Every structure is written in structure tokens, then in C-alpha cells.
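*Asks:* I would like the atomic coordinates for the input below:
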Amino acid sequence: MIKNKWGRTALVLSGFALFNTACAQVPPLSGQNYVAEERLVQNSTVLLNNAKYMVPLQKLEDLKIASVHFTNQYATTFDSLLNKYAKVQTFDGSAYSGGKSLSNLANDLKWYNTIILQVNDADLNNPELISFINTNQKVKNVIVAAFGNGTLLTKLNDVSVPVIWTERVSIVSASYAAQAIFGGVGITQKLTKTYSPVYSTGMGFTSQQTRLQYSVPEDVGIKTENLDGIDKIAREAISEHATPGCVVLVAKDGKVIFNKAYGYHTYDNVMPDKLTDIFDLASMTKISATTIEAMQLVDQGKLNVEGTLGDYIPLAVKSNKNDVKVREVLLHQAGFIPDIQSFEKVKPSDHSTDSSAAYPTRVSDHYFLRKDYYKDVMFPEMLNSPLKTRGQYVYSDVSMLFMQEVVENITAIPENVYVQQQFYTPLGMQTAGFLPLYRFSPTQIIPTENDQEYRHSLLDGYVHDPTAALKGGVAGHAGLFASANDVAILYQMLLNKGTYGGVQYFKPEVVDLFTTKQSPVSRRGLGFDRWDPIADRHYPSKLASDQTFGHTGFTGTCVWVDPKYKLVYIFLSNRVNPNVGSKLGSLNIRPRIQDVVYEAIGKGM
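*Replies:* Here you go, the predicted model:
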């Protein structure tokens, strides 16, 4: 364990994905014992009264969820797992006292349309509770998670809301029930005996896993100790000043088996990194926003990768970009220059230290760009830029700036709004999005560079990339921020061939089109980076399979999906703090951690 200056634990137990550093909980069971208990829980958990298929919860974008507990000793675990899937507000029902206690609670739940109740046998002795359930179910979604001996079911005879019941009372059953509500685990069991005329032998509904599960390495045949090398490499990165901190997440077979935060926001060692922290994803934006939007438009028949920029961008028709194919753009083979605008090109009259109608574009706290700067200066520069290397692979941010123009012209919706509405919110990605300072405190966002040359401030919540910054923080190649858990959700959806939470975001053949090798001259897919066939490059790592796709980010991030191993690997860091450094790359931190995972898979149990 690493402790911060106040003695609080900054890391969770190696490999255990259920708990985050915020609550500093450590699971009491070893991996093997956890799996054994999980099997017992799985075999004793029954879903009742689910004729309307409320469980697992659907359409997360429409839900405002509250979780109420009374005397459940594992309520913290239960609520922590709920919050992996959606924002859930916790209420302590036992704090409401007096004759009208539950009426007061109902009043405080006014703004929530979905209520999850954790109950045990003792809780159900309160006659008000059944009335509370029946009253609220008339206007809200109500789900009951019941823990304890089956005789408690007799006290639920008069309710018709979904009940997830398990006779096991443990930290594992709390975790399992919470995940079942969101489809993190499926429920397959039926009642094996009759408890009342309402709850009799053979009753029970089944549900399927539709979202990520949170478990331990042993649950997928990996020994927890075989992942200890991740700790060693992460600490090496911090001690060598390759990055002040980082978060690592590993999901295999649809289960998050490792999620751990290391180090601090900055080298002053004041604020420890947490699993819920939000990182500047840099070029991961290319695939996590622009490309997935393009994929959906292709799936809908609104975008043709064989079409040209002239087909989709009116101002491109009279430029040398007119006949450039969308496919070429996505492959970085269009001949574009690598980048365009930088701060040194901005004239003094083009920016101000104060916001106004004339200077509305916020670049940082005290840097505001004049109105229509992108339209008047940056976009014309893109259109007038030369095509020097068409047909060759030249990695270019300009490619995704043009793709942003393409998708926005098709949808008539700003890219940041589109991906939020179509992907991040419905997927349950609570932190993902552009312009994070509009939604989150800077204390939850990992700072990047201390820019003393142009923006004269520590960049915390403002995009690091200069071109994206001059576009106001929303760009096709950079500007997306997210936590590791959010990134995992998005890429599990891709690993699932476009399906997550019971929703199909695009067809499997579209996922295959974009993520498999599509170039005769490079390793690239459409938008996606891929495994490199040149062996001595070991990219993205020595042991990654030839099916691997993903992307890295300049700020020190990466995501790699390996369908062969049903694996999602995520590394998030701020290696550019306080200044851009190269040690994260020279020490091979990201690929070495990735290979620890493959080696652990190979060793098995």
C-alpha cells in the first residue's frame, strides 16, 4: 500500500476491481474465496416480479436514480457498485425518525424517478415500508434488493415491484445484487421452495449480462498475484518522473478485473489519483468521439467512406480537398499536413484576457479568442493547406478536423453534443465529454501542462492540445475527457461488436470495417490504430495479438482492445505535467503493463 501525507490509502488491493480509492475499502476475501462466495451468491439469487422487464435497467439517460438503505451492513459496497453504471444518490433511510419518517423520505425522493431499496428481514418489520413501496411504485420505478432468509419474502407478499432476493448476506452478495440491477451480471435461478402463495417453487425471471461486471482476476482464470507487476511498473513511472500519477484498468471476458489508481495529480504529492478522476484523453478523442460518430453514420447509411470531402463539405468543393475520399482521411493517407494552427500564429488583436461578445471563445482562464476565429482563420488554413503525400501514411490531426466537419455537416449537430447524446449518456459514461469544467470541479480533473508561454496557467480542465484549445476545446482530434471506467464502457461496447446495455449502437460489420486493417501501406484501420506487423516494433506491446485495435494519446494515455483475448486495457496519465516529457515512452511503461496482463493470462491459475 502507498499512503499519502495524511496517511490515507492511495491504492486498492492489487487486482480487485470492486472498490475505488475514494472509500479506501479493502475486500476481506482473497480472489479464490471471492469467486467461491460469488458462485454461492449466483446460485441463490432470484429475480421476482419482473414481468415488465424493469431489471436490468434500460435507457439510463432517462433515469434519475436514488438508492435507499436502512440497516444493510454492506450498503457502502452496494452503492459503490451502483455508481459504476450510473449516477446514483444515496439515502440513509434509518436517518428518518418520527411518526412520518418515510413520508419525509418520500418527499426528499421527489426528484428521482427510480428508487432502489436495500432491505433485510429486520427492515421489513416496519409496516410503513410496504406502504412506502406501494405508494411510490404508482409514480416511480421501484426495485427491491432483499438480503436474508427466504422467510422475508412473506413480508413482500403485497408488493408487485421487482425483487432481487438472495439468502446470502455478504459483501459479495451486495456487489452482485447491485450489478444485477444494471445487467452487470445475469440472474438464472428460480425459487427452490414455496414461501407463500405469491412466492412459490419454480418462480423467478431470468436476466442476461448486458454491461460490464466488476470482479476479481480469479473470476477469469488469472491469479491476482500474477498482476503484481503492474504495481511495480506504475511505481517506476512515478519514481522516474515519467508521470505524477496514473490509472490502470483491465477488463477481460466482460469483467473489470483490475482498476487501480497510482500516485498524485501533480508532483507536489498533495492530491492522490482516484479511479473516478477525469483525464485529458488527447488523441484518443479521434476514435472515442469522431470515429464512433462516423461509424454510426455509416451504419445509418448517411456517410459513405468511399465518398469525398466535396460530397460532405461545401467549401471543400473548390479546394484541392474536393476529391479526397473519406476512407483516405480516416487512414491518414489523404496527404494532409500533420497540423495547422498554433498559438504563435495568433495575432495580439485576435485574443483578449477577458470574455466579451467580441472575444467569446474560452481557451483558458485568461485567454479568450475573437469571434469566428476558426471560421475566418483556421478552417481556411485547412482548406488551403497542400496535399504533399497523398497515398502515403502520414499521421495528421488535420484528418480528424476534416472528419469533424464531415460529421457535423451531416448531422447539423456539434460533435460534442452528438456524441454526448448518442453514446456517452445512454451508455452510462458519467464523466466522458468535452469541456469538462462546465460539469465538474477542477479537483476531479487531472491537470496537464503548466503553460507559461501562451496560456500562462496550469491547464486543468482545458484541453492540452493547442489546436483543439483554439477551437474552444471541441475538436475532432482532441478535447475529450473521461475516467478509466467510462473508457472501459465505450470499448467494451466495441468489443461486443457494437452492443451494450441491450442497445445496438451499430452493426457488427461496421465495427469490423473500422477496426480491422484497411490500409495497403500501414497498419491502420479506419480511424483506429492497430497492431503493427513489424515484429521489432512490439506495438502496441510484445504480446498483443494481431487483432488488437485502439489508440494512444499525447498526454500519456492509451486504450487497446484485443478481441482474441476478449481484453480491454486502459492506461491514463498526465505525463505532460508540469511539462512535456518523454520518459513514459522511453521506459515503455504502457506496453510493459499491457504485457504483464498477457503474461498473467498465459500463466492461468
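
*Asks:* how deep is Glu509 tucked in, by neighbour count?
*Replies:* 12 (other Cβ atoms under 10 Å). The C-beta positions use only the backbone N, C-alpha and C, and glycine is treated the same way.

*Asks:* if I look at it, how far off is Val329?
*Replies:* Going from Glu509 to Val329 by Cβ to Cβ, to the nearest Å gives 21 Å.

*Asks:* Repeat that for Ile222.
*Replies:* Counting by Cβ to Cβ, the gap between Ile222 and Val329 amounts to 40 Å.

*Asks:* Can you show me the strands along the stretch 451-600 of the chain?
*Replies:* 457-458, 481-482, 499-500, 503-504, 529-530, 549-553, 557-562, 567-573 (DSSP state E, counting those that start in this stretch).

*Asks:* no no, the stretch 151-300 of the chain
*Replies:* 163-166, 213-214, 245-252, 255-263, 279-280.

*Asks:* Just name the most buried of those.
*Replies:* Ranked by mean neighbour count under mean count of other Cβ atoms under 10 Å, those are led by strand 279-280, which reaches a mean of 32.

*Asks:* dump the residue contacts of the closest residue to Lys388 other than its chain neighbours.
*Replies:* Nearest residue to Lys388 in three dimensions, chain neighbours excluded: Gly335, at 5.8 Å (Cβ to Cβ, 6 or more residues apart in numbering). Gly335 sits next to Val324, Glu328, Pro386, Leu387, Lys388, Thr389, Arg390, Gly391, Gln392, Val394 when contact means Cβ atoms under 8 Å, 6 or more residues apart in numbering.

*Asks:* nearest to Gly150, of the strands of the stretch 151-300 of the chain?
*Replies:* Closest approach to Gly150 among those (Cβ to Cβ): strand 163-166, 7.4 Å.

*Asks:* Need the residues that contact the closest one.
*Replies:* Residues from elsewhere that reach strand 163-166, judged by Cβ under 8 Å, 6+ apart: 41, 44-49, 55, 143-147, 150, 152-153, 156, 173, 176-177, 180-181, 187.

*Asks:* change it to 7 Å
*Replies:* 41, 44-49, 55, 144-147, 153, 156, 173, 177, 180-181 (Cβ atoms under 7 Å, 6 or more residues apart in numbering).

*Asks:* all helices in the stretch 51-200 of the chain, in order from the N-terminus.
*Replies:* Per DSSP state H, counting those that start in this stretch, the stretch 51-200 of the chain carries helices over the ranges 75-82, 101-108, 127-136, 171-182.

*Asks:* most tightly surrounded among those helices?
*Replies:* helix 171-182 (a mean of 27).

*Asks:* and that one, C-alpha only, in CSV?
*Replies:* Output of helix 171-182 as CSV, limited to C-alpha atoms (Å, rounded to 0.1, in the frame of the first residue of the first chain):
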residue,chain,number,x,y,z
ILE,A,171,-20.0,-8.1,0.7
VAL,A,172,-20.2,-10.3,-2.4
SER,A,173,-24.0,-10.6,-2.4
ALA,A,174,-24.2,-6.8,-2.0
SER,A,175,-21.9,-6.3,-5.0
TYR,A,176,-23.8,-9.0,-7.0
ALA,A,177,-27.3,-7.6,-6.4
ALA,A,178,-26.2,-4.1,-7.3
GLN,A,179,-24.7,-5.3,-10.6
ALA,A,180,-27.7,-7.4,-11.4
ILE,A,181,-29.9,-4.3,-11.3
PHE,A,182,-27.9,-2.8,-14.2
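
*Asks:* And the residue nearest the centre of the chain, how far from Phe423?
*Replies:* Centroid-nearest residue in the chain: Asp486, 0.7 Å away (criterion: Cα atoms, centre = their mean). Here Asp486 is placed at a distance of 10 Å from Phe423 (Cβ to Cβ).

*Asks:* quick one: contacts for the nearest residue to Gln58 once chain neighbours are set aside?
*Replies:* Excluding the flanking residues, the one nearest Gln58 by Cβ to Cβ, 6+ apart is Gly502, at 6.0 Å. Going by Cβ under 7 Å, 6+ apart, Gly502 touches Gln58, Gly183, Thr210.

*Asks:* hmm, back to that, closest to Phe70 out of the contacts of Gly335?
*Replies:* Comparing the contacts of Gly335 against Phe70 with Cβ to Cβ picks out Glu328 as the nearest, at 61.1 Å.

*Asks:* Got the confidence number for the closest one?
*Replies:* You'll see Glu328 listed with a pLDDT of 98.

*Asks:* Make sure it is indeed in a helix.
*Replies:* Yes. Counting by DSSP: H, G, I helix; E, B strand; the rest coil, Glu328 is located in a helix.

*Asks:* Compute the number of surrounding residues for it.
*Replies:* The local packing of Glu328 (other Cβ under 10 Å) involves 22 other residues.

*Asks:* Quickly note the distance from it to Arg524.
*Replies:* From Glu328 over to Arg524 the distance is 11 Å, taken as Cβ to Cβ.

*Asks:* How much space separates Thr548 from Gln296?
*Replies:* Here the criterion is Cβ to Cβ. By it, Thr548 lies 23 Å from Gln296.
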